[in-house]
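Participant: Below is the sequence, then the predicted model.
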Amino acid sequence: MVNPKWLRAFLLVWLIAWGAWSLLWVAPGWTQSEVIPCALPDGRVAVISPAPDYVNERMAAGMSLAHVLAAIAAKDAPTGAVCGPPVDRATLPGRRFRDSWRKAGDAVVVDLPLARQQRASELKLELDGKIRESAARELAAADSDDLARRAAHKAHRNHLRALQAAVAAHLGAVMTPEALHAWTPAYPAPPS
């Protein structure tokens with residue numbers, strides 16, 4: 001015969017464990033990786049990430065997943081934004097060119113011309129820094145009356161300036177965000 005105290009203890013532990021599991025349970029049909037993309041009036045994209053607890057509470061109260069996500073989008077969307085259907089977070093482009101995200105139908109894509117502008121600005125800042133370094137080295141060479149070194153630094157600086165035009169031409173030919181991120185110009189080595 002089963003001891004009633006042991007059975008009550010077993011049932012109590014089982015109920016506590018089941019209660020803890022039910023708190024972690026994710027509503028059927030909803031993966032926690034879904035986000036709601038919203039097109040902003042200026043063309044950029046905002047992404048709303050629903051809180052799992054909120055979605056589970058509303059679904060437990062009898063709301064459908066579609067109604068819960070629509071309510072979240074209506075409550076959390078920025079002013080003037082148009083929200084689309086939920087998409088899997090894995091379908092979003094990489095965050096490298098996040099400011100260049102745009103909506104294309106229900107998908108979120110990288111606007112390549114905007115990403116090129118962003119990359120061109122980054123490379124221009126990098127090149128400007130290298131040009132300033134070269135100018136400083138040229139001045140140091142002028143102070144030491146080393147005319148050959150001064151001419152070498154001036155030629156290096158001119159080569160860097162010519163590289164700026166080549167950068168713009170190359171970026172125009174890049175066709176994917178990944179290639180755009182990976183490409184770096186071959187900078188000439190500064191003279192010693």
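Facilitator: Yep, that arrived.
Participant: tell me, which helix in the chain spans the most residues?
Facilitator: Longest helix of the chain, by residue count under DSSP state H: helix 112-143.
Participant: What is that one packed up against?
Facilitator: Using 3 or more Cβ pairs under 8 Å, 6 or more residues apart in numbering; DSSP states H and E, the elements in contact with helix 112-143 are helix 147-173, helix 177-182. No exception for glycine: its C-beta is placed from N, CA and C like everyone else's.
Participant: Could you provide those helices in CSV, with additional columns for mean neighbour count?
Facilitator: Output for the helices and strands packed on helix 112-143, formatted as CSV (neighbours: other Cβ atoms under 10 Å):
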stretch, mean neighbour count
helix 147-173, 15
helix 177-182, 15
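Participant: Which of the ones you listed comes out lowest on mean pLDDT?
Facilitator: Ranked by mean pLDDT, these bottom out at helix 147-173, with a mean of 88.
Participant: Please name the residues that touch the most centrally placed residue in the chain.
Facilitator: Nearest to the geometric centre of the chain sits Arg95, at 1.6 Å (Cα atoms, centre = their mean). Listed by Cβ atoms under 8 Å, 6 or more residues apart in numbering, the contact set of Arg95 is empty.
Participant: Can you give the domain ranges for the chain?
Facilitator: For the chain, automatic domain parsing gives the domain ranges 28-110, 113-182.
Participant: if we can go back for a sec, for the residue nearest to the centre of the chain, give me phi and psi.
Facilitator: The phi and psi values for Arg95, taken as degrees, to the nearest 10, are phi -80, psi 0.
Participant: Need the CA coordinates for stretch 95-108. CSV is fine.
Facilitator: Coordinates of each C-alpha in stretch 95-108 appear next as CSV, following Å, rounded to 0.1, in the frame of the first residue of the first chain:
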residue,chain,number,x,y,z
ARG,A,95,23.4,45.4,-37.9
ARG,A,96,26.5,46.8,-39.6
PHE,A,97,24.4,49.1,-41.8
ARG,A,98,21.5,49.4,-39.4
ASP,A,99,20.8,53.0,-40.4
SER,A,100,20.4,51.9,-44.0
TRP,A,101,17.6,49.4,-43.3
ARG,A,102,14.4,49.9,-45.4
LYS,A,103,11.2,48.0,-45.8
ALA,A,104,10.6,46.2,-49.1
GLY,A,105,7.2,44.7,-48.9
ASP,A,106,7.2,42.7,-45.7
ALA,A,107,11.0,42.2,-45.7
VAL,A,108,13.6,44.4,-44.2
